[in-house]
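Asks: Return a 3D structure for these sequence lines:
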Amino acid sequence: MDADQVRALFTRGDGSYLCARWGRPIVPVVFGVEEATLPVVKGAVEAVVALAGHRMAETDPELGANLMVFFFRDWAELPEVPNLDRLIPDLAPLCDRLAAAGANQYRIFRFDEGGAIRAAFVFVRMDDHMAQVPAETLALLQAVQVIVLWSDLAFTDASPLVAGREGAVMLRPEIAGVIRAAYDPVLPAVARDASHALRLAARMAAVQ
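Replies: Predicted structure coming up:
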């Protein structure tokens, strides 16, 4: 990918540029899936974290778990989750808006004082479309979309995943390269200047 293509992945709908990565080890917890599906979701997170060269942990000292993934059938279920409204202010009105829009997924990020990601909440409504997506694909897609703060427009035209050998789904190589570059220790955890995309592209080219 050239610098312009990289820049587009982090340029938001309002024209601002923002790239942020996790500033602490990731501790995932998953709600709303069968026991057999838990390893699939956590395995996808582990794979993407390993790709980034980042770390996972057993617990977060502040939140216990800092990556919370919810699977459910109806947005009306979320406000009924005990204490979730304490973590997400105005949860009920948000769910009403998402239901009215027919949304089937939504992500909320929390940031530390420096702007790095400190927590993320992933909501996946299992509508007819989502129910047809294999668990491995759905898990990998969500893991990719929380490993860095992408633009709200980043994957509207093309998925970050691609079909691999024997029908398996894998991360697009160029997106994997962006993730690895974003976690390069020489680059900042947070960048708001579009020139950062030049540095990302340079790191990707150096690895290739």
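Asks: Mind jotting down where the strands sit in this protein?
Replies: Applying DSSP state E to the chain gives strands spanning 19-20, 28-31, 67-72, 105-111, 117-125, 161-163, 169-171, 190-191.
Asks: so can I have a markdown table of the ones you listed showing distance to residue 85?
Replies: C-beta coordinates here come from the backbone N, C-alpha and C atoms, glycine included. What follows is those, written out as a markdown table (distance: least, CB to CB, whole Å):
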| stretch | distance to residue 85 |
| --- | --- |
| strand 19-20 | 25 |
| strand 28-31 | 15 |
| strand 67-72 | 13 |
| strand 105-111 | 13 |
| strand 117-125 | 12 |
| strand 161-163 | 33 |
| strand 169-171 | 34 |
| strand 190-191 | 28 |
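Asks: between these, which gets nearest to residue 150?
Replies: Across those, residue 150 has its closest neighbour in strand 19-20 (8.4 Å, CB to CB).
Asks: So for residue 50, which of the strands of the chain sits nearest?
Replies: It is, among these and with distance given as CB to CB, strand 169-171, at 11.8 Å.
Asks: Report the buried residues of that closest one.
Replies: 169, 171 (16 or more other CB atoms under 10 Å).
Asks: before we move on, what about stretch 105-122?
Replies: Judged by neighbour count (16+ other CB under 10 Å), stretch 105-122 contains these buried residues: 105, 106, 107, 112, 115, 116, 117, 118, 119, 120, 121, 122.
Asks: From what I see, the second one and residue 98 are in contact.
Replies: This points to residue 106. Yes. Proximity of residue 106 to residue 98 meets the contact threshold set by CB atoms under 8 Å, at 5.7 Å.
Asks: Between the two, which contacts overlap?
Replies: residue 123 (CB atoms under 8 Å, 6 or more residues apart in numbering).
Asks: For residue 80, find the nearest of the strands of the chain.
Replies: Closest to residue 80 of the strands of the chain is strand 67-72 (CB to CB; 9.9 Å).
Asks: strand partners of the closest one, parallel vs antiparallel please.
Replies: Applying DSSP bridges, strand 67-72 is found paired with strand 28-31 (parallel), strand 117-125 (parallel).
Asks: rewinding a little: mind putting the strands of the chain into TSV with mean pLDDT?
Replies: Formatted as TSV, those follow (pLDDT from 0 to 100):
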stretch	mean pLDDT
strand 19-20	98
strand 28-31	94
strand 67-72	96
strand 105-111	96
strand 117-125	96
strand 161-163	89
strand 169-171	90
strand 190-191	97
